[in-house]
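S.K.: Got a sequence here, can you build the structure:
(one chain, ligands or ions: 1)
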Amino acid sequence: MAPSVSLEVGSDGVAIITLLNPPVNALAIPVLAGIKEKHDEATRRDDVKAIVFTGHGGKFSGGFDINFLREVQKTGDTSLLGRVSIDLMTYTIEEGRKPSVAAIDGLALGGGLELAMACNARISTPKAQLGLPELQLGIIPGFGGTQRLPRLVGLPKAIEMMLLSKPISAQEGNELGLVDALVPQAELLAAARKMALDIAEYRRPWMFSLRRTDKIEGLAEAREILKFARAQAKKNAPNLSHPQYCLDAIEEGVVAGGFAGSLKEEKVFKEAVFSDTSKGLINVFFAQRNTTKVRGITDLGLKPRPLRKAAVVGGGLMGSGIATALILSNIPVLLKEVNAKFLEAGMGRIRSNLQSRVKKGKMTEEKLAKTLALVKGVLDYNEFKTVDVVIEAVIENVGLKQQIFADLEKYCSPTCVLGTNTSTIDLNLVGEKTKSQDRLIGAHFFSPAHIMPLLEIVRTEKTSPQVIVDLINLGKIIKKTPVVVGNCTGFAVNRVFFPYNMAAPLLVDLGVDLYRIDAVVKAWGMPMGPFALADLVGFGVAVAVGQQHLNAHPERSYRSLLIPNLMKEGRLGQANGKGIYLYDEKRRPKPDSAVLKVVQKTREEAGIMPGGKPIKISNEEIVEMLFFPVVNECARVLEEGICSQASDLDIATVMGMGFPPYRGGVVHWADSVGIKYIVSKLQKWSEQYGSFFAPCPFLVERAASGAKLSDPVTPKQQSRL
Ligand SMILES: C[C@H](O)CC(=O)SCCNC(=O)CCNC(=O)[C@H](O)C(C)(C)COP(=O)(O)OP(=O)(O)OC[C@H]1O[C@@H](n2cnc3c(N)ncnc32)[C@H](O)[C@@H]1OP(=O)(O)O
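M.R.: Below is the predicted model of the structure:
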């Protein structure tokens, strides 16, 4: 359906202007042009007294068209953005000769809410969501939102809504004065018509949000509020400038008035659109929505089969987390354990997962009881015939897993999806003792499974498209982002993460301080450094996972003795309070001089410092030496078809390894840094420090041809699948 705007004039003299651009009535350029054209027509016509704006299909508008923003970013041409805020929102609509009312159902986000705020009144259904989430895209509101929202709800609430990109309910909007009235959906248009006529005929005040001052705090108080907000934004997002720019625009409006503020906003908005931050965040926005579009799978017209009941085998940390995620989405679960003691422990973990939600005010005790009642503990497979999907989450033992899947094949229905949460073992090995390999699929959750947003779905050559579609659907139901990947050691996330975990101790062996590495990486935007992460994961797991990669790819692995040497000293990570850091009872980390002695010994054993002296390296180069090997592995993953689209790797790295979303994911970031540059650095380091850094032929080829890493891989270029 092509984007359009319609005008319908009733016998009461009210013109209804309807936005139509499914699925969210985004304000694409033709829609904005249509609004202007229809508004002009309504203004001209003598039979129109007042105007009502509404959206087609139960949604007002999801805001400015983000597809268009991305196109504009590619051209670099600011003029494409026009002067919507001043010309359309202010001069045409707010200051128009005929009053306008926004009739809001469903979403009014970003430019959608800004259009509503430019109207002279707003009326909404109770289910509407109102928000200015532009900052999540690395931009600031650009259609007057930084000026009108504070004038309608006061500075503190407006700043909170913008900085957190968090929408509010219609109910709250009504209490705050953002919405003038709430009415049931069936009465929305009739009530909006009446409100518009009341304004036109002076039975109701004709309000101009941009001119209001009654809700804005006095100058001194406003400055204090803004100062506090600036400090909070700096603390929460030290690498981001756009929250500060948003506050600049708000401040200008407070000091110099709404119109001056709008001019400042327009300037800042246009600059922000072209920032790397916005390019990265918009890439993540689309990449996240693309993960469920899998070529050759989701385009076959298959419908997901009903998911009425699930089973989880193993009630350990992962199994109980997976069961928690399922029951939180109202899916009944059978939790299977081998004995009563383990079962009780598993059920206890699920309860405590739910209790922590109660403590945070996210769940009532009553809801906890209802949710917990959805899980039933069992010690055998007798009831498994009733489930639509099983997820096995026992320890990483091939024999045990093979036995479990052989049993599942006997007890489950022949259509049941057989999922395994293995993070390392080849799926073909797991399914070796079953005949149902078309139903076998990896459902790799990240710990804690009920919180982490990613679900890595691993398919083999034999997994049927229907089973993949079913698991994508399960991911959506439990509100995870599903990424479909191929079968290999480490799948996609752990596979591209392993060079990072090997590069960090390699740098230490070259003489770089390990606490410095952590600090540099954290300042660059990772949630924590590689060594703090090793402490969190635990040294036992870190060594076991590292070994898998060493076995699979010895030619490009670096075998560091740092962690084994620390283990010899009785250090295990956070688990025993002694890892690379020392931890107090509140788990606060402190560097430890005893670790430096182990580092010294490890360096001597490694003997790779050039001329026996520590290398001199800038912070920038530390980041490059850690992440360029990741880019290299991403290239292999793409060439092999483990990920069928580069954007999946961006999501996998952002959601699975904590790569900063405002850098857009590893592949997007690599393209912004430049593949040629990355290859030249990898070549230099491989000559200096060995084959760990050697760029793969696919990456070298892309650099030579001037292609981007994110460009599609042709079947000819693909070496597998
Ligand atoms: C000048 C202005 O100040 C600038 C702006 O207005 S910038 C835009 C501000 N608005 C936003 O940030 C809202 C972004 N959208 C969202 O948060 C969510 O999509 C939503 C809450 C609207 C709907 O969520 P949900 O129902 O889960 O559906 P979701 O899958 O996200 O979106 C449905 C489709 O609409 C598209 N879409 C959503 N908002 C869009 C927008 N503003 N522009 C273009 N497309 C949009 C999505 O890309 C998706 O497309 P697809 O089906 O082809 O993948």
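
S.K.: Now for the closest residue in space to Ala50 that isn't next to it in sequence, how many residues are close by?
M.R.: Nearest residue to Ala50 in three dimensions, chain neighbours excluded: Ala196, at 3.6 Å (Cβ to Cβ, 6 or more residues apart in numbering). The way it works is simple: take the backbone N, C-alpha and C, and place the C-beta from them, glycine included. Using other Cβ atoms under 10 Å, Ala196 has 31 neighbouring residues.

S.K.: cool, Asn174 as well?
M.R.: Neighbourhood size, Asn174 [other Cβ under 10 Å]: 20.

S.K.: Around the ligand, which positions in this protein sit nearby?
M.R.: Residues of the chain found near the ligand (Cβ under 6 Å from any ligand atom) are 23-24, 26, 62-67, 107, 109-111, 114, 133-134, 137, 141-143, 145, 289.

S.K.: List only buried entries from these.
M.R.: Burial by neighbour count, judged by 16 or more other Cβ atoms under 10 Å, picks out 24, 26, 62-66, 107, 109-111, 114, 133-134, 137, 141-143, 145 from the residues of the chain next to the ligand.

S.K.: What about these, which are in strands?
M.R.: Taking DSSP state E, the ones among these that sit in strands are 107, 109.

S.K.: Quickly find the element holding Cys681.
M.R.: No, residue 681 isn't Cys; it's Lys. Using DSSP states H and E, the element containing Lys681 is helix 675-689.

S.K.: pLDDT of that helix, averaged?
M.R.: The pLDDT scores in helix 675-689 average 97.

S.K.: how about the CA coordinates for the helix or strand following that helix, as CSV?
M.R.: Using DSSP H and E, the next helix or strand after helix 675-689 towards the C-terminus is helix 697-705. Output of helix 697-705 as CSV, limited to C-alpha atoms (Å, rounded to 0.1, in the frame of the first residue of the first chain):
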residue,chain,number,x,y,z
PRO,A,697,41.8,-14.4,2.0
PHE,A,698,38.1,-13.3,2.0
LEU,A,699,38.9,-10.1,4.0
VAL,A,700,41.9,-9.4,1.8
GLU,A,701,39.8,-9.8,-1.3
ARG,A,702,37.2,-7.4,0.0
ALA,A,703,39.8,-4.8,0.8
ALA,A,704,41.4,-5.2,-2.6
SER,A,705,38.1,-4.8,-4.5
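
S.K.: Just the closest residue of the stretch 551-700 of the chain to the ligand, please.
M.R.: Residue of the stretch 551-700 of the chain nearest the ligand, by Cβ to the nearest ligand atom: Ser647 (11.6 Å).

S.K.: by contact count, what packs against the helix or strand harbouring that residue?
M.R.: Assigned by DSSP H and E, Ser647 falls within helix 646-651. On a contact count with 3 or more Cβ pairs under 8 Å, 6 or more residues apart in numbering; DSSP states H and E, helix 646-651 meets helix 276-290, strand 481-486, helix 619-639, helix 666-673.

S.K.: Next SSE downstream of that helix?
M.R.: Next along the chain after helix 646-651, taking DSSP H and E as the criterion, comes helix 657.

S.K.: Quick one: distance of that next one to the chain centre.
M.R.: 12 Å (Cα atoms, centre = their mean, to the nearest Å).

S.K.: before we move on, what about stretch 666-674?
M.R.: In this view, stretch 666-674 has its centroid 18 Å away from the chain centroid, taken as Cα atoms, centre = their mean.

S.K.: May I have the residues that are in contact with the closest residue to Val469 other than its chain neighbours?
M.R.: Distances taken as Cβ to Cβ, 6+ apart put Leu302 closest to Val469, at 4.7 Å, once the chain neighbours are dropped. Taking Cβ atoms under 8 Å, 6 or more residues apart in numbering, we find Leu302 in contact with 465-466, 469.

S.K.: do Val520 as well
M.R.: Applying Cβ under 8 Å, 6+ apart to Val520 gives the contacts 529, 619, 622-623.

S.K.: can you tell me the helix or strand for it?
M.R.: Here Val520, judged by DSSP H and E, is contained in helix 514-524.

S.K.: Now do the helix or strand following that helix against helix 514-524, angle only.
M.R.: Counting by DSSP H and E, the next helix or strand C-terminal to helix 514-524 is helix 530-537. For helix 530-537 against helix 514-524, the angle by axes from the mean of the first three to the mean of the last three Cα atoms, to 10 degrees is 90 degrees.
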